[in-house]
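In: using only what follows, build the 3D model:
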Amino acid sequence: MKRLAAILCLAILPACQEDTADIPQAVTMTASAVGHFCQMNMLEHPGPKAQVHLTGLPGTPLFFSQVRDAVAYLRMPEQSHEIAAVYVSDMASAASWEIPGADNWIPASTAHYVVGSSRTGGMGAPELVPFSDAASAAQFAQRHGGQVQELADIPDTAVLAPVATSATTPDDDDFADRLRALSQERTN
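Out: Numbers count the residues shown, from 1 in each chain. This next block holds a predicted model:
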């Protein structure tokens with residue numbers, strides 16, 4: 001009986017190893033990395049970043065200038081490929097907010113996120129700040145506000161709701177006023 005159990009374990013082990021070998025590894029963020037949504041150079045923006053690896057597109061992840069944008073991407077139904085892996089910057093090992101690191105990636109599913117802090121991400125929107133350990137996340141939340149949450153517990157409103165990135169974001173009435181002013185300038 002012990003021999004049969006050992007044979008079964010040896011038969012199953014390669015299958016388990018193949019499953020983990022199929023998961024793409026995080027890639028280094030270089031000067032050629034651009035944000036998926038903004039198409040801007042990733043290294044020019046502060047705060048944590050994310051990379052999403054799609055099945056069938058090995059070695060070419062989608063980079064996101066903000067972790068918030070990557071989580072929004074994960075929750076949108078429009079993806080054309082299955083998601084193979086998602087990595088986020090580990091801010092516990094980042095040099096600073098301005099230099100989040102090029103190789104300190106952790107799986108998004110294992111990160112502890114500070115949601116609702118006073119810090120904004122690289123594109124000026126509220127950010128989900130990932131940490132490899134809960135203690136670092138709690139310390140960040142004490143300094144900058146917010147709550148520590150796991151990825152599955154982050155509400156959709158934290159990533160999918162519209163965000164005003166400045167106090168001067170125009171509303172519909174302001175747009176109409178600006179359009180009238182531009183029309184008058186052209187006729188004068």
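
In: ok, the longest strand belonging to the chain: who's next to it in the sheet?
Out: Scanning the chain for the strand with the most residues, using DSSP state E, yields strand 83-89. Sheet pairing of strand 83-89 (DSSP bridges) gives strand 50-54 (antiparallel), strand 105-107 (antiparallel).

In: so which of these is nearest Val88?
Out: strand 50-54 (4.8 Å; Cβ to Cβ). Any C-beta I mention is one placed from the backbone N, CA and C, and that applies to glycine too.

In: tell me the helix or strand right after the closest one.
Out: strand 62-64 (DSSP states H and E).

In: which other helices and strands does that following strand contact?
Out: strand 50-54, helix 67-75 (3 or more Cβ pairs under 8 Å, 6 or more residues apart in numbering; DSSP states H and E).

In: and those as a markdown table, adding distance to Glu82, mean neighbour count and mean pLDDT?
Out: Output for these, formatted as a markdown table (distance: least, Cβ to Cβ, whole Å; neighbours: other Cβ atoms under 10 Å; pLDDT from 0 to 100):
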| stretch | distance to Glu82 | mean neighbour count | mean pLDDT |
| --- | --- | --- | --- |
| strand 50-54 | 7 | 23 | 92 |
| helix 67-75 | 12 | 22 | 91 |
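
In: Ala125: which of those is closest?
Out: helix 67-75 (6.0 Å).

In: point out where the protein drops to low pLDDT.
Out: Applying pLDDT under 70 to the chain flags the ranges 1-21, 33-42, 164-188.

In: roughly how far does the residue nearest the centre of it sit from Gln139?
Out: Geometric centre of the chain, nearest residue: Val67, 2.3 Å, by Cα atoms, centre = their mean. Here the criterion is Cβ to Cβ, to the nearest Å. By it, Val67 lies 18 Å from Gln139.

In: start and end of stretch 98-106, how far apart?
Out: This stretch, stretch 98-106, spans 18 Å end to end (Cα to Cα, to the nearest Å).

In: any buried residues in that stretch, and which?
Out: Of all the residues in stretch 98-106, those buried under the rule 16 or more other Cβ atoms under 10 Å are 100-102, 104-106.

In: just name the closest of those residues to Leu57, please.
Out: Distances from Leu57 to those, taken by Cβ to Cβ, are shortest for Trp105, at 17.4 Å.
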